[in-house]
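Q: Dropping a prediction and its sequence here:
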Amino acid sequence: MKNGVARSNNPFALLARIAGGESKIYEAAIPPQEQFALLREVSTQRTRLERSFTAALRELKQLQKERQARRPQPAPGVRAAQPPVHPPAEPQVPRSDYKMADRPEANPVFCSPAAPDSR
């Protein structure tokens, strides 16, 4: 930690710090020649960081391709072993001898006759 500011190796955090420094250079009341020299240095730092990030990303993709190529490929016609498929378990509910009626009972409370129309 320097001056109470934590340093990070995250390229995006570094780019943000560079952009913040660049803004401070623009806002500073310094002679134009000195300002241009500082901005040139910031530009150089940004370019280096972007190039190293791009190179690291390219290398990572290459390593991933190589790792994938080293994986053993299954022979054609040979399927990978799959776990056996078991039929679903029967429910453990006891059967009852109750049989439902073919039609509902006539219940006078729910089956009252329609009231005559008194209009």
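A: Received the coordinates, thanks. Numbers count the residues shown, from 1 in each chain.
Q: which helices and strands does the host helix or strand of L63 pack with?
A: Assignment of secondary structure by DSSP states H and E places L63 within helix 32-70. In terms of contacts (3 or more CB pairs under 8 Å, 6 or more residues apart in numbering; DSSP states H and E), helix 32-70 is packed against helix 11-27. Where C-beta positions appear, they are placed from N, C-alpha and C, glycine not excepted.
Q: Run the angle between the helix it packs on and helix 32-70 for me.
A: Orientation note: helix 11-27 sits at an angle of 170 degrees relative to helix 32-70 (axes from the mean of the first three to the mean of the last three CA atoms, to 10 degrees).
Q: what packs against helix 11-27?
A: helix 32-70.
Q: Show me which positions of the helix it packs on end up buried.
A: Judged by neighbour count using 16 or more other CB atoms under 10 Å, the buried positions of helix 32-70 are 38, 45-46.
Q: tell me the mean pLDDT for the helix holding L63?
A: Averaged over helix 32-70, pLDDT sits at 92.
Q: Kindly report the same for stretch 103-119.
A: The predicted confidence, averaged over stretch 103-119, sits at 64.
Q: Compute the first-to-last residue distance for it.
A: Taking CA to CA, to the nearest Å as the measure, stretch 103-119 stretches 35 Å from start to finish.
Q: about what we covered before: export the buried residues of helix 32-70 as JSON lines, with columns for distance to T54.
A: Listed next are the buried residues of helix 32-70 as JSON lines, based on distance: CB to CB, whole Å:
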{"residue": "L38", "distance to T54": "25"}
{"residue": "Q45", "distance to T54": "15"}
{"residue": "R46", "distance to T54": "12"}
